[in-house]
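S.K.: Got a sequence here, can you build the structure:
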Amino acid sequence: MIAPDQIAALFAEGSGITAVLPHGNGNVNDTYLVHPVVGRSFILQRLNSAVFHDPAAIMHNLRIISRHLAARCAVSQPTPWWRAVEPLATSSGAGFHADAQGGWWRALSYIDNAVAFDTVQSTAHGQEIGLALGLFQRQLADLDPALLYDTLPGFHITPRYLAEFEAIWAAAAPQTTPESRYCRASIDQAAPRIPVLESARAEGRIQERIIHGDPKVANILLDRTSGRAAALIDLDTVKPGLPHYDVGDCLRSACNPLGEEARDPAAVHFDLELCRAILAGYLAEAGSFLTPAEIALFPDAAWLVAVELGLRFFTDHLRGNVYFKTRQPEQNLHRALVQFHLAESIAKQEDALRRLVAGLSPGH
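M.R.: Below you'll find the model as predicted:
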């Protein structure tokens with residue numbers, strides 16, 4: 001692979017480079033923090049071509065989204081700490097760089113004095129996570145989804161992942177370990193309920209909007225000084241979709257105190273008090289454009305996205321780890337176990353979760 005510092009120089013506005021450092025712990029793209037000799041630090045990313053087959057469409061979406069968010073903030077800055085990620089051009093004015101090996105690189109503004117965590121640190125942190133997601137969706141609520149490309153067709157369409165898994169399972173070598181048997185049993189138990197959101201969409205009970213697509217805890221920055229929500233990052237998956245997939249992904253990520261790489265998957269549980277804090281923050285912003293019928297499906301969304309991610313991790317394990325980055329061969333199997341145990345915890349607390357959501361709904 002071409003050295004990142006060579007690519008970074010193309011975006012450094014004629015300045016030299018002081019340092020190019022690996023940044024974050026994302027599972028898909030290669031990400032670096034670049035410190036130029038002159039000017040502000042910025043983020044450099046090499047897009048994973050095995051995941052994102054149309055980088056030009058991703059950059060198209062990013063430009064539209066960043067312009068829209070900037071315009072909304074110019075009219076009414078929601079908080080003193082809130083900022084939007086902006087794409088940066090090369091010195092020649094290009095929005096991205098394609099290297100000789102077929103790699104696609106892009107640069108983004110760096111949100112300084114901000115920090116992200118892999119797990120929720122407190123209920124106050126949880127409320128800021130919810131507020132950030134709700135604010136992001138609210139600022140994009142009046143942007144026509146038709147203006148954006150669907151950069152990942154089928155992404156967050158859980159029945160599709162189930163069908164894909166079944167095809168891979170049928171072709172894979174027999175899985176005889178207790179861990180694989182638990183994953184298979186979890187999928188079989190969940191299968192009848194997996195169409196819950198897509199059925200609601202087909203029936204017109206919920207509608208498509210613009211979603212982030214991956215609002216896990218690590219993608220929501222907090223201002224270091226105030227502790228308040230500062231930005232949503234990792235916008236490659238922003239696309240038309242159901243807001244429930246955002247809410248579900250946020251809840252399954254944030255309400256698992258042990259995290260996605262929990263050492264003991266059987267110890268994983270869904271924390272209702274963190275859920276309460278997150279939804280209180282979220283609905284303070286998003287309650288203005290969501291209907292009561294949409295909000296009532298949030299418990300289903302939290303359960304479904306945990307199942308979905310378990311499906312995706314287990315499928316990738318069976319394929320040989322071609323989508324998610326791994327450090328050892330069984331890591332995606334372990335990640336799948338975490339998600340299926342989380343889904344089981346959500347299901348056991350479903351009645352309490354529905355009461356919680358009903359109590360937080362606007363007008364209750």
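S.K.: Surely residue 284 and residue 133 touch.
M.R.: No - with contact defined as CB atoms under 8 Å, residue 284 does not reach residue 133; the gap is 11.0 Å. In this view, the C-beta of every residue, glycine as well, is placed from N, C-alpha and C.
S.K.: okay, the two: which has more neighbours?
M.R.: residue 133 (29 against 17; other CB atoms under 10 Å).
S.K.: Quick one: residues contacting residue 57.
M.R.: 149, 151 (CB atoms under 8 Å, 6 or more residues apart in numbering).
S.K.: May I have the helix or strand harbouring it exported as CSV, CA atoms only?
M.R.: For residue 57, the element it lies in under DSSP states H and E is helix 55-75. Extracted C-alpha coordinates of helix 55-75, given in CSV (Å, rounded to 0.1, in the frame of the first residue of the first chain):
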residue,chain,number,x,y,z
PRO,A,55,-16.4,6.0,-3.4
ALA,A,56,-17.5,8.9,-5.7
ALA,A,57,-21.1,8.4,-4.5
ILE,A,58,-19.9,8.5,-0.9
MET,A,59,-18.2,11.8,-1.5
HIS,A,60,-21.2,13.2,-3.3
ASN,A,61,-23.4,12.4,-0.3
LEU,A,62,-20.8,13.9,2.1
ARG,A,63,-20.6,17.2,0.2
ILE,A,64,-24.4,17.5,0.2
ILE,A,65,-24.7,16.6,3.9
SER,A,66,-21.9,18.9,5.1
ARG,A,67,-23.3,21.8,3.1
HIS,A,68,-26.8,21.2,4.5
LEU,A,69,-25.6,20.9,8.1
ALA,A,70,-23.4,24.0,7.7
ALA,A,71,-26.4,26.0,6.4
ARG,A,72,-28.6,24.8,9.3
CYS,A,73,-25.9,25.8,11.9
ALA,A,74,-25.5,29.2,10.2
VAL,A,75,-29.2,29.9,10.7
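S.K.: packing partners for the following helix or strand past it?
M.R.: Counting by DSSP H and E, the element after helix 55-75 in chain order, helix or strand, is strand 87-88. Where contact means 3 or more CB pairs under 8 Å, 6 or more residues apart in numbering; DSSP states H and E, strand 87-88 is packed against helix 55-75, strand 104-109.
S.K.: okay, those in a markdown table with distance to residue 4 and mean pLDDT next?
M.R.: Listed next are the helices and strands packed on strand 87-88 as a markdown table, based on distance: least, CB to CB, whole Å; pLDDT from 0 to 100:
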| stretch | distance to residue 4 | mean pLDDT |
| --- | --- | --- |
| helix 55-75 | 17 | 88 |
| strand 104-109 | 8 | 88 |
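S.K.: so which of the ones you listed is the most packed in?
M.R.: strand 104-109 (a mean of 22; mean count of other CB atoms under 10 Å).
S.K.: could you point out which element follows that one?
M.R.: strand 114-115.
S.K.: In the beta-sheet assignment, what are the partners of residue 17?
M.R.: residue 36 (DSSP bridges).
S.K.: Could you report the distance from residue 256 to residue 341?
M.R.: Remark: distance between residue 256 and residue 341 (CB to CB, to the nearest Å) = 9 Å.
S.K.: Quick check: residue 108 vs residue 31, distance?
M.R.: Taking CB to CB, one finds residue 108 at 9 Å from residue 31.
S.K.: Same question for residue 113.
M.R.: 19 Å.
S.K.: For the two, indicate the residue with more neighbours.
M.R.: Using other CB under 10 Å, the more surrounded residue of residue 113 and residue 31 is residue 31, with 19 against 12.
S.K.: Can you verify the more buried one is assigned to a helix?
M.R.: No - per DSSP: H, G, I helix; E, B strand; the rest coil, residue 31 lies outside any helix segment and is strand.
S.K.: my read: it touches residue 45, true?
M.R.: Yes - look at residue 31 against residue 45 with CB under 8 Å: they come within range, at 5.0 Å.
S.K.: For the residue nearest the centre of the chain, give me its contacts.
M.R.: For the chain, the residue nearest the mean C-alpha position is residue 214 (1.1 Å; CA atoms, centre = their mean). Each residue near residue 214 by CB under 8 Å, 6+ apart is listed here: 234, 236-237, 249.
S.K.: Touching stretch 169-186 from outside, list them.
M.R.: Under CB under 8 Å, 6+ apart, the answer for stretch 169-186 is 307, 310, 314, 318, 333-334, 336-337, 340, 343-344.
S.K.: rewinding a little: anything in contact with each of residue 256 and residue 341?
M.R.: residue 268.
S.K.: still on that earlier bit, between the helices and strands packed on strand 87-88, which one is nearest to residue 272?
M.R.: helix 55-75 (31.9 Å; CB to CB).
S.K.: which SSE is residue 339 in?
M.R.: With DSSP H and E as the criterion, residue 339 is inside helix 331-348.
S.K.: buried ones in that helix?
M.R.: 331-347 (16 or more other CB atoms under 10 Å).
S.K.: what's in contact with the lowest-mean-pLDDT helix or strand in the chain?
M.R.: Scoring the helices and strands of the chain by mean pLDDT, DSSP states H and E places strand 97-98 at the bottom, with a mean of 80. By CB under 8 Å, 6+ apart, the surrounding residues in contact with strand 97-98 are 7, 10-11, 90, 104-106.
S.K.: Dump those residues to CSV, plus distance to residue 128.
M.R.: Converted to CSV, these look like this (distance: CB to CB, whole Å):
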residue, distance to residue 128
7, 33
10, 35
11, 30
90, 34
104, 32
105, 31
106, 27
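S.K.: Quick one: residues contacting the residue nearest to residue 276 when sequence neighbours are not counted.
M.R.: Nearest residue to residue 276, sequence neighbours excluded (CB to CB, 6 or more residues apart in numbering): residue 356, at 5.7 Å. By CB under 8 Å, 6+ apart, the residues touching residue 356 are 272, 275-276, 279.
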